Each structure stands twice: as C-alpha cells, then as structure tokens.
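> A structural model of the following input is requested.
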Amino acid sequence: MRRYILILISAIVCCVSASAFDKYTLDRNDLPEKAQEFLTEHFPKSKVGMIKVDKHLLKKTDYDVKLVNGTKIEFSNAGKWTSVDCKNSAVPEKIIPKAIRNYVNKTFRDVKIVKIKNTASKYEVGLSDGVEIYFNLLGQFKGVKMDD
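The predicted model follows:
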C-alpha cells in the first residue's frame, strides 16, 4: 500500500513540475528573433492574444502564439514556424512552398489553404473544404485525406 501511495505522489509531482515550465505572456520579445520577424512580415496588422512559452526538460522550447483573430502559430526553439492555422481565412501565400501552392490551385479550385504544418519529413496542408493533403519536403504530392 505504501508503495502505491509513493508512486501516486511521484506521478503528481511529475505532472505539476512539467506544467511549471510553461509561461504565458503577451510580449513578442519573449519569442526568438526569427519568430518575431515572421509575425511582422506575414501578420503585420494582427495583434497577439497570447504567447505560450513551453519549456521542456531537455532545454527544448516551443512557442505557441495565438493572435486575436484566432490564428494559431507554432514555432520551434530556433523560431522557425512549424504550424500555422488560420481557421477560416487563408494562410499567407509566402509561407506556402510554391510547388504546394501550384498543386492546390490546379487540383482544388475555389478552396483556400487555411492550415499548414511543417514536420521533419512532410508538409500537412488543410483546405477550407476539410480536405487534408500531404506533401514531402520537396512539395511533391503524397496523399490526401477527406473529412467525413
């Protein structure tokens, strides 16, 4: 019984300490310089609603930015964008690789790209009609997922 209580207490302490590394702010200066430049270039008129600085145990830090208009942007430790979700409005064209823009414009007419995620191995693109498209890092089409 004592063993289970110790395990439970340890789990609670771990959960509390893990969430203690999060910081919430409105100050753009808490972001890496590259992330600040990204916001200034692609969302110049948008106001920041919240910045979450998520520090992990191994010194890796992620930044989640939510703009007042509902747009969510995630940045890596170096300030490189990893995800942009504009909800119902279009993602700024300069963010989207040209090959992906061309494919979407040619294949899916009258839709806009409202979400893009850049992982280590692929791009995930969300369209305004609910379709998700997957591309490799060169912008070559790899697959599609339809929203049910």
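
> what about the helices in this structure?
Ranges of helices within the chain are 2-19, 33-42, 98-107, based on DSSP state H.

> point to the residue nearest the middle of this protein.
Residue closest to the average C-alpha location in the chain (Cα atoms, centre = their mean): Ser83, at 2.6 Å.

> I'd say that residue and Tyr123 touch.
No: with contact defined as Cβ atoms under 8 Å, Ser83 does not reach Tyr123; the gap is 10.5 Å. (Glycine included, C-beta is placed from N, CA and C.)

> so for Leu58, what's the pLDDT?
If you check Leu58, the pLDDT there is 68.

> meant to ask about Phe38, not that
For Phe38, the predicted pLDDT is 96.

> and it, how far is that from Val104?
Note on Phe38: its distance to Val104, by Cβ to Cβ, to the nearest Å, is 21 Å.

> now do Ser121
Where Val104 is concerned, Ser121 sits at a distance of 20 Å (Cβ to Cβ).

> and Trp81, bridged to which residues?
Phe75 (DSSP bridges).

> between Ser121 and Val104, who's got more neighbours?
Ranked by neighbour count (other Cβ atoms under 10 Å), Ser121 and Val104 place Val104 first, with 20 against 9.

> contact partners for the more buried one?
Counting by Cβ atoms under 8 Å, 6 or more residues apart in numbering, Val104 touches 111, 113, 125, 127, 133.

> return the member of these nearest to Ile96.
Closest approach between the contacts of Val104 and Ile96, by Cβ to Cβ: Ile113, at 6.0 Å.

> how many residues are close by the closest residue to the closest one other than its chain neighbours?
Nearest residue to Ile113, sequence neighbours excluded (Cβ to Cβ, 6 or more residues apart in numbering): Val91, at 4.9 Å. As a burial measure, Val91 scores 20 neighbours (other Cβ under 10 Å).

> same deal with Arg2?
Arg2 has 6 neighbouring residues, counting by other Cβ under 10 Å.

> what do you get for Glu41?
Around Glu41 there are 11 residues (other Cβ under 10 Å).
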